[in-house]
Structures are given as structure tokens and as C-alpha cells.
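# here is my input; please provide its structure:
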Amino acid sequence: MNDRIARAALTRLFEPNDTIGRTLVGRLGAYAALRLATGAQPAHTLPDVTAEELAAALKRWAPRVPELDPEKDLATIEHLGGGFLIPGDEHWPTGLDDLPDAPLGLWYRGNIGNGIPDPSSCAALAGSRDCTSYGAAVTGDMAYSLAQRGICVIAGLAYGIDAHAHRAALAGSTGEGPATIAVLAGGLDRDYPSGNADLAAAIRANGLTLSELPPGSAPTRYRFLQRNRIIAALAGVTCVVEARWRSGALNTAHHAETIARHVAAVPGSVHSANSAGCHRLLKEGGAALVTDAAELTELLAS
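Residues are numbered from 1 along each chain as shown. Modelled structure (predicted):
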């Protein structure tokens, strides 16, 4: 079994940000970590993992071991017109290496020939699913103009701000490189939400849908939050266009700040609850105030 197959198996065995699993891979390599985690190799102590932590992890992983079939997962993604990237591959996005908990691999569907641009050429747009007409308009203007400037728009395929960002970027595409990339919180065999399946197909025409989870994996709240760190790492700047006080978009901004990426926010009406999260970032989080694509482009260049 090679490193690619082992990592594919581990994406099904470990949840994103499984610290014990990640420690095993860092210490032993993917193949040896897989053997230990599945019981094919006797458990042994490691400097960074206590016997109790390892025992608890092995118990947590045990129900998933019978489901492991990485060759089948790889065949499934290939049938869907995609593949599986691992660190060191030609198209592996090096921006992910800035994460303290980088994915073990990255499943993709779409036009990998266009590659995944460097963070300096990508901007993430994030915000509420229940966006207002103001949020939709600002997002549309920004995403279209970013695409016209050759900046790839990163978002999460959700309803609201994400969908407006993807659609506007596609409309503004110059045809050179991916106009937009969507990062999902579940397996790529099912576009989520299903109402945006046509949008996902359009994105894959010259861009990609990405996930750290193998085919058949269901999106969960925890996986959505973990997905946000990938969005933040792929982009040189994360801009929250419209978000409530406790919006998940603020989680994406936090991940961006953690890895020293630029964070920006668009101001809105003081009477709008949908902009309360943006104002929170501007007042408390040190986000840059932006109103258009030109200002985002300046941040990327700085």
C-alpha cells in the first residue's frame, strides 16, 4: 500500500482535526499510522500520545475500520471526474501547509488542469445564508470584479453569500484559470446543498469542488466548521460580506487570522442584524474595512 492509498483510507478513518490521528501520521507516516490505527500493528507508546489517549482513539476508530476501502473510494472519485491530492503532488495547494492541522489529502472534482491558484491570487468571500439584497448585491459586484481581475473566488457552495459569490465569479470569468472554487463539508459524490447542484457543475467546468472527506461522507456541523479552515488557507484574504453576530463566517475569519492571512469585512446598516458580525470584526477583530474588489486586491498585494 502506497502513501496515497493510506492517506485516502485515513480520511475516512479520522475526523478532520483528529489530533491523535494527526500525531500518529506525523510520527510514523501515513502507512504505519493506518496499520496501528486499524489494529494491523500492535499498539505501542509514542512520545506525544499517552497510553490512555491511544486506547480511547483506537476505540473511537474501531467502528469505521470495516468500512475502509480506499481503492473503492479512489475509483469512485475517478468515475466522478476527479481525484485525490496529497502533499507533494503537482497540484497540491501549498497554502494548506500553513495550517497547523492541514488535511491529510484533498479530494477534488472538476478541471484540475487549471490547478489551484496560490493564495496571493485567491480571495475568500463568506457570509450569511439568509443574506439581504444588500449583501447579495455587494457580493455580486465584488466576485464579478475579482474574477475580471484574474482573482479566484473561494467559497463554500452554501445558499446566500456563497452562492452569489460563485455565480458572479463565473459570470466575470476571463477563461484563464479557475474563476471560483467551492470547498465542501462532505463527500463530493453529493453536492450539498442539493439545490446548488447545478451551480457546482458549472463551477467544475473550469474550476473545482474540494473536500478533505471521502465520497459518501455526510456533512455535519463540526465538519462545516473544520471546512472553513481550508477556505481560509486557500485564500490570501478572507472577506466577510454580511454576517450575523455568531455567524459561521466569523469562524472562517478566525482561521484566516490564525495563519496570518488578511481579514476584511464589509460594513452594513447599524440597524441590520445581518451585518452585526461584520461590525464585530471591524471593531474587535482588527479586520480591514473594504467596500469593493479593488480594496481586496490591494490587500492581496500587500
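
# what segments of the protein are strands?
Per DSSP state E, the chain carries strands over the ranges 82-85, 106-110, 122-127, 152-155, 180-183, 208-211, 237-242, 262-265, 288-289.

# got these as TSV, with distance to residue 41, mean neighbour count and mean pLDDT columns?
C-beta: built from backbone N, CA, C; applies to glycine. As requested, those are exported to TSV (distance: least, CB to CB, whole Å; neighbours: other CB atoms under 10 Å; pLDDT from 0 to 100):
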stretch	distance to residue 41	mean neighbour count	mean pLDDT
strand 82-85	24	20	98
strand 106-110	26	25	98
strand 122-127	40	32	98
strand 152-155	38	30	98
strand 180-183	33	28	98
strand 208-211	28	25	98
strand 237-242	40	31	98
strand 262-265	43	25	98
strand 288-289	49	15	97
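
# hang on, residue 96 packs against residue 233?
Yes. Counting by CB atoms under 8 Å, residue 96 does reach residue 233; the two are 5.0 Å apart.

# list the residues that contact both of those two?
Common contacts of residue 96 and residue 233, defined by CB atoms under 8 Å, 6 or more residues apart in numbering, comprise residue 102.

# what's near enough to touch the closest residue in space to residue 143 that isn't next to it in sequence?
The spatial neighbour of residue 143 that comes closest, neighbours along the chain excluded (CB to CB, 6 or more residues apart in numbering), is residue 168 at 3.6 Å. Contacts were defined as CB under 8 Å, 6+ apart; by that measure residue 168 touches 139, 140, 141, 142, 143, 144, 147, 153.

# most neighbours among the residues you listed, please name it.
Within these, most neighbours by other CB atoms under 10 Å means residue 153, with 32 neighbours.

# mind pulling up the pLDDT for the residue nearest to that one when sequence neighbours are not counted?
In space, and not counting its chain neighbours, residue 153 is closest to residue 169: 3.9 Å by CB to CB, 6+ apart. Per-residue pLDDT puts residue 169 at 98.

# what distance do you get for residue 169 to residue 85?
Computed as CB to CB, to the nearest Å, the residue 169 to residue 85 distance reads 22 Å.

# same thing with residue 272?
Counting by CB to CB, the gap from residue 272 to residue 85 is 40 Å.

# any idea how far residue 154 is from residue 119?
Relative to residue 154, residue 119 is positioned 9 Å away (CB to CB).

# who touches both of those two?
Contact with both residue 119 and residue 154 is made by residues 234, 235, according to CB under 8 Å, 6+ apart.

# report the contact partners of residue 29.
Per CB under 8 Å, 6+ apart, neighbours of residue 29: residue 3.

# how far away is residue 277 from residue 215?
In this view, residue 277 and residue 215 are 33 Å apart by CB to CB.

# which one's more surrounded, the two?
More neighbours surround residue 277 than the other of residue 277 and residue 215, with 26 against 22 (other CB under 10 Å).

# does the more buried one touch residue 251 like I think?
No. With contact defined as CB under 8 Å, residue 277 does not count as touching residue 251 (10.3 Å).

# any idea how far the residue nearest to residue 47 when sequence neighbours are not counted lies from residue 266?
The spatially closest residue to residue 47, leaving aside those adjacent along the chain, is residue 27, at 7.7 Å (CB to CB, 6+ apart). As for residue 27, its distance to residue 266 is 43 Å (criterion: CB to CB).

# of these two, give the one with the bigger neighbour count.
residue 266 (27 against 14).

# could you check how far the more buried one is from residue 161?
Using CB to CB, which is the criterion applied here, residue 266 is 10 Å from residue 161.
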